[in-house]
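# here are the coordinates; sequence isn't available:
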């Protein structure tokens, strides 16, 4: 990675953070402007980053990620804390996550057009549909000699099972047709993760037990958390409080999502493939039992948004306008997931990429006020 030779060097733009949005902005602005991109992490050239099948190896590795430990979540079983990992590498979290490129649902963005008061421009985001395709392998079911072959295929030719994350099917659905928006996000994984219960759901279980699972997440989140300072010492970690399940609608949506997945796995079409349903345990059936289950098992995907939400000047919670310009501060924009006013129903990398492209369009317009 190139370094700045002189502290006295001048730049047209300084971009702090080489995540998905930062890389897009740097790419666009550096074509015609002298631009400095600052990133705490290193290059994304390590095999741990490049190999899709083992992206989980980067989580918790201080070379590639920032561990984000929440405060105790009082609405979860035993008030447990949860840990998620944000990218500390070129590409940011997009370099270490599960490569899920999902635009969410159109209804996620319906309110964005009215945000901001500085221009009468169209919404900054026009969602586009993209598909990541890969061969469908079932690495978790391979015997050891096959795994050795798979490793050789990857390191020699970048082919074989390691090119697939094993997360090839996802869905955003309504658990009730009467709902006006989807409320559940499903990600089907062709191997077992663990440890269970109550641990890190994204830590691969290295046992040889064949199986598959579905991670359920809420496509609408009603609980609201906070990020605050722990002290006046900048070296101290911030206090991250999701306040998970503080709104009971989130609890109910999680329960309904689990019910739908259970119906899928118990369907007769899968009867030849499913020998045992491990979670939820078969005896967990009542509403009360399912509520206890989700309060114990819930964790964080690490898709953070909304801490610098965009909105109108009259909105006391808004930090930026709809072009990322910080209210009351000149020559400063925020262009990342923190300005998203409401969390989309899917992963954030596609949203951040398109949002950065659209904001760069505005920055590069003639006579544009930065």
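Structure's in. What do you need? All values derive from a computational prediction rather than experimental measurement.
# ok, the spatially most central residue of the chain to residue 70 distance?
Geometric centre of the chain, nearest residue: residue 303, 3.3 Å, by C-alpha atoms, centre = their mean. Residue 303 is 14 Å from residue 70, where distance means C-beta to C-beta, to the nearest Å. Just so you know, the C-beta spots here come from the backbone N, C-alpha and C atoms, and that holds for glycine as well.
# picking that back up, and the residue lying closest to the residue nearest to the centre of the chain once chain neighbours are set aside, how far from residue 320?
Among residues not flanking residue 303 along the chain, residue 348 sits closest, at 4.9 Å (C-beta to C-beta, 6 or more residues apart in numbering). As defined by C-beta to C-beta, residue 348 lies at a distance of 17 Å from residue 320.
# residue 27 now?
21 Å.
# who has more neighbours out of the two?
residue 320 (24 against 14; other C-beta atoms under 10 Å).
# contacts for the longest helix along the chain, please.
Ranked by residue count under DSSP state H, the longest helix found in the chain is helix 248-265. The contact list for helix 248-265, computed with C-beta atoms under 8 Å, 6 or more residues apart in numbering, reads 173, 175-176, 183-186, 214, 216-223, 244-245, 270, 274, 277, 280, 287, 290-291, 293-295, 298.
# same thing but 7 Å
The contact list for helix 248-265 (C-beta atoms under 7 Å, 6 or more residues apart in numbering) reads 175, 183-184, 186, 214, 216, 218, 220-223, 245, 274, 277, 280, 287, 290-291, 294, 298.
# now, of these, which are buried?
175, 183-184, 186, 214, 216, 218, 220-221, 223, 245, 280, 290-291, 294, 298 (16 or more other C-beta atoms under 10 Å).
# just the contacts of helix 248-265: which are in strands?
184, 186, 214, 216, 218 (DSSP state E).
# find the residue closest to the last one in space, skipping its chain neighbours.
Think residue 218. residue 253 (4.8 Å).
# look up how far residue 222 lies from that neighbour.
8 Å.
# try residue 34
45 Å.
# repeat that for residue 216.
16 Å.
# then residue 70?
In terms of C-beta to C-beta, residue 70 sits 18 Å off from residue 222.
# low-scoring stretches of the protein, by residue?
Of all residues in the chain, those with pLDDT under 70 make up the ranges 1-8, 113-147, 192-209, 367-370.
# show me where it has its helices.
According to DSSP H, the helices that the chain contains are 20-29, 47-50, 144-157, 248-265, 287-297, 349-363.
# distance between the last one and the chain's centre?
When distances are taken as C-alpha atoms, centre = their mean, to the nearest Å, helix 349-363 is centred 17 Å away from the chain's centroid.
# same deal with the third one?
Relative to the chain's own centre, helix 144-157 is displaced by 29 Å; criterion: C-alpha atoms, centre = their mean.
# what of the longest one?
Its chain's average C-alpha position is 20 Å from that of helix 248-265, according to C-alpha atoms, centre = their mean.
# ok, and for that helix, which residues are buried?
So helix 248-265, judged by 16+ other C-beta under 10 Å, has buried residues 250-262.
# export these as JSON lines, with columns for distance to residue 343.
Output for the buried residues of helix 248-265, formatted as JSON lines (distance: C-beta to C-beta, whole Å):
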{"residue": "250", "distance to residue 343": "11"}
{"residue": "251", "distance to residue 343": "17"}
{"residue": "252", "distance to residue 343": "17"}
{"residue": "253", "distance to residue 343": "13"}
{"residue": "254", "distance to residue 343": "15"}
{"residue": "255", "distance to residue 343": "19"}
{"residue": "256", "distance to residue 343": "18"}
{"residue": "257", "distance to residue 343": "16"}
{"residue": "258", "distance to residue 343": "20"}
{"residue": "259", "distance to residue 343": "22"}
{"residue": "260", "distance to residue 343": "20"}
{"residue": "261", "distance to residue 343": "21"}
{"residue": "262", "distance to residue 343": "25"}
